[in-house]
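# have a look; sequence and predicted model below, questions after that.
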Amino acid sequence: MSPRRRFDWESLLDRLAGFYGTGDWRVPYLRDHAEDPFQVLIGTILSQRTRDEATDRASAALFARFPDAASLAQAGPHEIEPLIRATGFYRTKARLLPRVAREILERFSGEVPRSLPELTSLPGVGPKTANCVLVFGYGIPGVPVDTHVHRIANRLGVVRTARPEETEARLRRILDRRFWIPLNPLLVQHGQNLCRPIGPLCGECPIAELCRTGRARAAGRPTPRPEDALPRPPRPATRRPVAGATAPGRSSGRTALRSASRRR
Ligand code: SF4
């Protein structure tokens, strides 16, 4: 069995669930909107290239006015734009969302599909969005890998990947299927609170012992991702020679040449 297979996922997820189960922590949007596959789908499209807070606000405003495929399919981009202006590429999304709603109505009889190939056949729906619909909309095991899951999996040292798609493929191989559903919401919550993109708070982290980055930082060793290394303490200031100045008792090169020519 490879060392990666022995990684204690159960302990990792238990600790995160216990830690975030109490206290006033930020909660991922999808975890609280998991009962409606359509809103999971549209909310995840809105989250693309968008900060979590802006996704929360835009989703709430959009669904207050257009709560289902039938209403969104009829909406014009000019009606959607002001509601989702806080998200990245909002004009593109305002044109895309009614198209997605219409395809759901026309091709899938108004029901969001529940397989990866069907979901990714919808416009603007990639692997992450499709997996989110499976996990949060239908409770079907999937591995949604967003920026938080990708970053934390690399920090933990369980994968060494450059892109979320590679992380998803690797996690599908090494992660027992019973952990697929809880993985995303717990890692996203961890990424939003302690394991932040810049400056993770490893000293407060409940899974630091399981994490290669946490252990490396505590021991002053190189981290799996160089950008996660602790900043080096500032070096003591050294005196630099001022440009054009000469050391006491020594002549500049030009003066020495002049002296030598006078002696000749
Ligand atoms: S120890 Fe640090 S890098 Fe590792 S999961 Fe915790 S916060 Fe993230």
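Nice, I can see it.

# residues touching F179, list them.
The contact partners of F179, taken as C-beta atoms under 8 Å, 6 or more residues apart in numbering, are 9-10, 13. In short, each C-beta sits where N, CA and C put it, glycine included.

# and of these, the nearest to the ligand?
L13 (12.5 Å; C-beta to the nearest ligand atom).

# now the closest residue to R85 other than its chain neighbours, what's its secondary structure?
Sequence neighbours aside, A58 is the residue nearest to R85 in space, at 7.7 Å (criterion: C-beta to C-beta, 6 or more residues apart in numbering). Under DSSP: H, G, I helix; E, B strand; the rest coil, the three-state class of A58 is helix.

# again with R160
When classified by three-state DSSP, R160 comes out as coil.

# how about the contacts of F179 in a markdown table, adding neighbour count?
Conversion of those to a markdown table gives the following (neighbours: other C-beta atoms under 10 Å):
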| residue | neighbour count |
| --- | --- |
| W9 | 20 |
| E10 | 11 |
| L13 | 17 |
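
# helices - which of those land there?
By the criterion of DSSP state H, membership of the contacts of F179 in helices covers 9-10, 13.

# and this protein, what are its domains?
The record's domain split for the chain, according to automatic domain parsing, is 3-25+144-228, 35-138.

# adding mean pLDDT, write the ones you listed out as TSV.
TSV is the format used below for the domains of the chain (pLDDT from 0 to 100):
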stretch	mean pLDDT
domain 3-25+144-228	94
domain 35-138	95
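
# gap between the two ends of stretch 210-229?
Between the opening and closing residues of stretch 210-229 lies a distance of 17 Å (C-alpha to C-alpha, to the nearest Å).

# how far does it sit from the chain's center?
On the basis of C-alpha atoms, centre = their mean, to the nearest Å, stretch 210-229 is displaced by 18 Å from the centre of the chain it belongs to.

# go through that stretch and flag the buried ones.
Applying a neighbour-count criterion of 16 or more other C-beta atoms under 10 Å, the buried positions in stretch 210-229 are 210-214, 216-217, 223-224, 228.

# just to revisit the earlier point, please tell me how far the residue nearest to R85 sits from D176.
In this structure, A58 and D176 are separated by 35 Å, where distance is defined by C-beta to C-beta, to the nearest Å.

# so between these two, which is more surrounded?
Legend: neighbour count by other C-beta atoms under 10 Å for A58 and D176, higher for A58 (24 against 9).

# contacts only, for that one.
Shown here is A58, whose contacts under the criterion C-beta under 8 Å, 6+ apart are 46, 50, 83-87, 90.

# get me the contact residues on the stretch 101-250 of the chain for the ligand.
Within the stretch 101-250 of the chain, the positions lying close to the ligand (C-beta under 6 Å from any ligand atom) are 152, 155, 194-195, 200-202, 205, 207-208, 211, 213-214.

# turn the residues you listed into TSV, columns for secondary structure.
Shown next, in TSV, are those (three-state DSSP):
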residue	secondary structure
I152	helix
R155	helix
L194	coil
C195	coil
P200	coil
L201	coil
C202	helix
C205	coil
I207	coil
A208	helix
C211	coil
T213	helix
G214	helix
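
# which among those residues end up buried?
When neighbours are counted using 16+ other C-beta under 10 Å, those contain these buried positions: 152, 155, 194-195, 200, 202, 205, 207-208, 211, 213-214.

# tell me the SS of the nearest residue to P141 once chain neighbours are set aside?
Across the structure, with C-beta to C-beta, 6+ apart as the measure, the residue nearest P141 apart from its sequence neighbours is W180 (4.1 Å). Of the three states, W180 takes helix under three-state DSSP.
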